[in-house]
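Colleague: here's a sequence, model it:
(chains A and B)
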Amino acid sequence: MEMNGLAPVPDSYDYDLIVIGGGSGGLAAAKEAAKYEKKVMVLDFVKPTPQGSSWGLGGTCVNVGCIPKKLMHQAALLGQALQDSRKFGWQFTEEVKHNWMTMTESVQNYIGSLNWGYRVALRDNKVTYENAYGEFVGPHTIKATNKRGVEKLYTAERFLIATGERPRYLGIPGDKEYCISSDDLFSLPYCPGKTLVVGASYVALECAGFLAGLGLDVTVMVRSILLRGFDQDMANKIGEYMKEHGVNFIREFVPTKVEQLEEGTPGRLKVTAKSTTGDQIIEGEYNTVLLAIGRDPCTRKIGLDKVGVNINEKTGKIPVSDEEQTNVPYIYAVGDILQDKLELTPVAIQAGRLLVRRLYAGATTKCDYVNVPTTVFTPLEYGACGYSEETAVEKFGEENIEVYHSHFWPLEWTVPSRDNNKCYAKIICNIQDNERVIGFHVLGPNAGEVTQGFAAAIKCGMTKEQLDNTIGIHPVCAEVFTTLSVTKRSGESTLVSGC
Amino acid sequence: MAALRRARRGAGSGLCRTLRALSGKKNEYDLLVIGGGSGGLACAKEAAQFGRKVAVLDYVDPSPQGTTWGLGGTCVNVGCIPKKLMHQAALLGSALKDAQHYGWNIAQPVHHTWSVMAQAVQNYVKSLNWGHRVQLQDKKVKYFNMKGSFSDPHTVRGLTKAGKETIVTADNIVIATGGRPKYPTHIAGALQYGITSDDLFWLKESPGKTLIVGASYVSLECAGFLTGIGLDTAVMMRSIPLRGFDQQMASLVTEHMESYGTKFLKRCFPTKVEKLESNRLQVTWKNTDLGTEETDSFDTVMWAVGRAPDTKTLNLETVGVKTNSETGKIIVDASEATSVPHIYAIGDITEGRPELTPTAIAAGKLLAQRLFGQSSELMDYDSVPTTVFTPLEYGCVGLSEEAAVQCHGSDNIEVFHAYYKPLEFTVAERDATQCYMKMVCLRGREQRILGLHFIGPNAGEVIQGFALGIKCGATYPQLMKTVGIHPTCAEEVTKLHITKRSGLDATVTGC
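Modeller: Residues are numbered from 1 along each chain as shown, chains lettered A, B, ... in the order given. Below you'll find the model as predicted:
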């Protein structure tokens, strides 16, 4: 089909909806649209990493995010469980080692089954899927280029951009040649060995955490603070715990170059780093350098300029209305590429589904981005919903918020005698609004399982009084929230001593 | 002079007695708590916060097998705490199997040594006993290791193990003596040869091949962890499991236990227990389905056929405290008051209340606040969440499906449900057949949530927050607006959308 530059829009389109990006948001939207008997196409394509890694249908979460991350985190937790089990009477060989390949193969097999499952789901829902790179070439028109370079043009009444993000590189000598990112880690065909993780994001800390848990020598190089954007009180506790459990931290340094000392799987790399506060230069040798300094949206090379979709030039993110619509009325966007929205799978899925229901089923419900709960799966997990202490103070004023907090000791850790007074629970209440709970924070095992229900309660507007009136389930970690009484304001100790 | 002195003394003491009688004798304590368990200790400590003079009497009659324990009550010594720790030991056994799939190389088979676990658990419990004594001391609560019985509405006679007597008087008395396991004394050999949960957690040696009689959560939880640590375990049930709980969920729990390795002798009841020469126990039972009599031998027989309130030796009749004639439990009103003024009761001993530590603690604290703190807040026993710590845990809050149907009619309720697979089970190649959840809602515009039921790992952690939501009057739409945390099991609650009514497949399919 030829484009003559005068931009006439064809009367009948190939598709009702073309989704660019087969990740969490894109697939959810596509399957939902098919339910309303719309003609839908999904274009998904993964440009290989500098190291050559690639993967199948499903997006970041399934392939190089949530899923493999949680499974490897679980592998690390099981390592701890092995140690605990001796205290509970289990006996086995003294020396227990971890085999990276066994774990990675199992994880990749599971991911493969998910990729397959998605393809089947799309087929069953009569959604057309092409493993091709999509980019706009003109109004209502997209060019899809497959692996072999074959190009096809498609038109649609509406488009949904859900191309997500990819890890950022440092822009220093040796970064693309020798470093890996989370895109490579989960399918690495050899044990990474002694690893330097550069970054302080949750990606950096989660990966450093499980690598250390598997028995590897891990160092994290942090430019300034940990977990920017998260409650800093909690972030520091996470860092402390990791340090106590064998993760090395190099604070206030940034790498300036990476050189290869020896090839291999893994090889040996030399990292030179400069202090951010002075002139100090340090060097270190590692088998693997994992960059986790941030992610950039895949919006710069998909032809958005051809159709006039505005993006934030600095960040590459797409600003949308509260109905996920871009500045071009027939083009929408969901997921990690959105400006000022959370980069989470469930948010993308929710947004995608609700958008489609509004487009095709006459629904009016918009995605509720407020009080979205999240969990960081570091060795000591952190679940949160609502305001951090800093943002609450900023918004409401310190005099108007009350922070209740407590340490707690999971019963399961008593017998192995470990980590007393490391787990921590904190809620932030708005004094002027009936002590409504506006922030929930928990540091402890199964933080995600604990946080989910409280997130639902926060949506129902729970107050401190209602929390106090709820009976705890005994003995579990979550019950600590039903008996919070010490405020930060009082300065009283929150250390625990027993039942 | 002496005579005058004598006369004065005589007159003085007579006057004293008369004065006391006129003014009403002053009681030694503001509050006396009989029973140092979850409820009793919480009440005592809270009262002490208000600067009151408080005393606690705690005494443990040894079990028929001779087991006894320290301060803290059932939960700490022979309930929640040791139970959860042994449950954890069993879970770690599964973790060891999982670990291999995740790349950890452990030579099989692994062995479990009962005494290592038991000692660790018992030591921890003892540290809690100590902790409680220190706490009472710190809060200036007087503690008597004595068995109490009423002499009159304000007087309790305390007896030590050695038989020494102390009289304690108080303005207010709280009875929190809890319950003890029942023995089926009509079965020959039951008392003589069987143990109960009172003994199980304190055994120094492994119980070996064990038969647990009963269908309560005590029975299933104990059978669950014994199986998990590698013991040959059987559960004998006369009729249904977990009476009072949602029966669909109860079936899933026992189904999982069966695939986990626990043997079930369903619709059977024991008729006698005899000791063999080998010291093993021979149990004979009737199978009501087949109408046959069967026998087998076990190392240990444990009775888990219910618990009875510990009121016999309290002398309640003397002071007129009314009890339920059927259950023996103390009848209380919404303020935990008994039929006698200034005498209250909390915890497992009270009629119509959940037998849970957190409710006893909350009731105890609120009672103290009403008595001494100018509060009028009553305990709210509505929508109390709970968890059964079987190998695959079951957490719930609110109404069972049956209760909801009975209350509102099946046309007026909607049940959303889902079968799901915890992510951690995938690589571990674990069977998730019984991982299931359901939400019972009222139909209609609001769709208020009446009950939530979840079977899976960490069920207690999952349910706690939702219990709070239900207390806030959560509706189905509100839950659907809540974004899930990924990847967790709990997020599936926020994604429930298949109704039982639709008949559609409720299996969660991928991301």
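
Colleague: got any ranges where chain B has weak pLDDT?
Modeller: Low-confidence segments of chain B, defined by pLDDT under 70: B:1-25, B:510-511.

Colleague: and the residue of it nearest chain A?
Modeller: Chain A sits closest to residue B:465 of chain B, with a gap of 2.2 Å, by C-beta to the nearest C-beta. To be clear about C-beta, it is placed using only N, CA and C from the backbone, and glycine gets the same treatment.

Colleague: which residues touch residue B:83?
Modeller: Residues in contact with residue B:83, defined by C-beta atoms under 8 Å, 6 or more residues apart in numbering or on different chains, are B:197, B:201, B:221, B:222, B:225, B:389.

Colleague: wait, residue B:125 sits on residue B:79?
Modeller: No: contact criterion C-beta atoms under 8 Å: residue B:125 and residue B:79 do not qualify, at 10.3 Å.

Colleague: mind checking what helix or strand follows the strand ranked longest in chain B in sequence?
Modeller: What stands out as the longest strand in chain B, according to DSSP state E, is strand B:165-175. Going down the chain from strand B:165-175, the next helix or strand is strand B:179-181, by DSSP states H and E.

Colleague: quick one: buried residues of that following strand?
Modeller: Residues B:179, B:180, B:181 are the ones in strand B:179-181 that count as buried (16 or more other C-beta atoms under 10 Å in any protein chain shown).

Colleague: let's have those in TSV, adding distance to residue B:105.
Modeller: Output for the buried residues of strand B:179-181, formatted as TSV (distance: C-beta to C-beta, whole Å):
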residue	distance to residue B:105
B:179	47
B:180	47
B:181	43
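
Colleague: sorry, back to before: mind listing the strands the longest strand of chain B pairs with, and their directions?
Modeller: Using DSSP bridges, the strands paired with strand B:165-175 are strand B:29-34 (parallel), strand B:155-159 (antiparallel), strand B:343-345 (parallel).

Colleague: helix or strand next in line after the longest one, which one?
Modeller: Read that as strand B:29-34. helix B:38-49.

Colleague: quick check: which helices or strands does that next one pack against?
Modeller: If you count contacts as 3 or more C-beta pairs under 8 Å, 6 or more residues apart in numbering or on different chains; DSSP states H and E, helix B:38-49 packs onto strand B:29-34, strand B:54-57, helix B:73-78, helix B:114-138, strand B:165-175, helix B:357-372.

Colleague: can you pull up the most central residue in the chain?
Modeller: Using chain A. residue A:344 (5.8 Å; C-alpha atoms, centre = their mean).

Colleague: not quite, I wanted chain B
Modeller: Ranked by distance to the mean C-alpha position of chain B (C-alpha atoms, centre = their mean), the top residue is residue B:356 at 4.7 Å.

Colleague: right, and it touches residue B:384 too?
Modeller: Yes: contact criterion C-beta under 8 Å: residue B:356 and residue B:384 qualify, at 6.6 Å.

Colleague: give me the domain ranges for the chain.
Modeller: Went with chain A since none was named. Domains of chain A are assigned by the TED database as A:15-64+A:103-164+A:298-361, A:168-293, A:380-490.

Colleague: oops, wrong one, chain B.
Modeller: Domain ranges of chain B: B:29-180+B:308-373, B:182-306, B:392-502, per the TED database.

Colleague: how far does the second one sit from its chain's centre?
Modeller: This points to domain B:182-306. 19 Å (C-alpha atoms, centre = their mean, to the nearest Å).

Colleague: and the last one, by the same measure?
Modeller: Domain B:392-502 has its average C-alpha position 23 Å from the chain's average C-alpha position, going by C-alpha atoms, centre = their mean.

Colleague: equivalent analysis for stretch A:36-43, please.
Modeller: Centre-to-centre, stretch A:36-43 and its host chain are 27 Å apart (C-alpha atoms, centre = their mean).

Colleague: kindly export it (C-alpha atoms) in CSV.
Modeller: Only the C-alpha atoms of stretch A:36-43 are listed here, as CSV (Å, rounded to 0.1, in the frame of the first residue of the first chain):
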residue,chain,number,x,y,z
TYR,A,36,-15.2,-8.0,22.2
GLU,A,37,-14.7,-9.6,18.8
LYS,A,38,-12.3,-7.0,17.6
LYS,A,39,-9.7,-7.8,15.0
VAL,A,40,-6.5,-7.5,16.8
MET,A,41,-2.8,-7.8,16.0
VAL,A,42,0.2,-8.0,18.3
LEU,A,43,3.7,-7.2,17.1
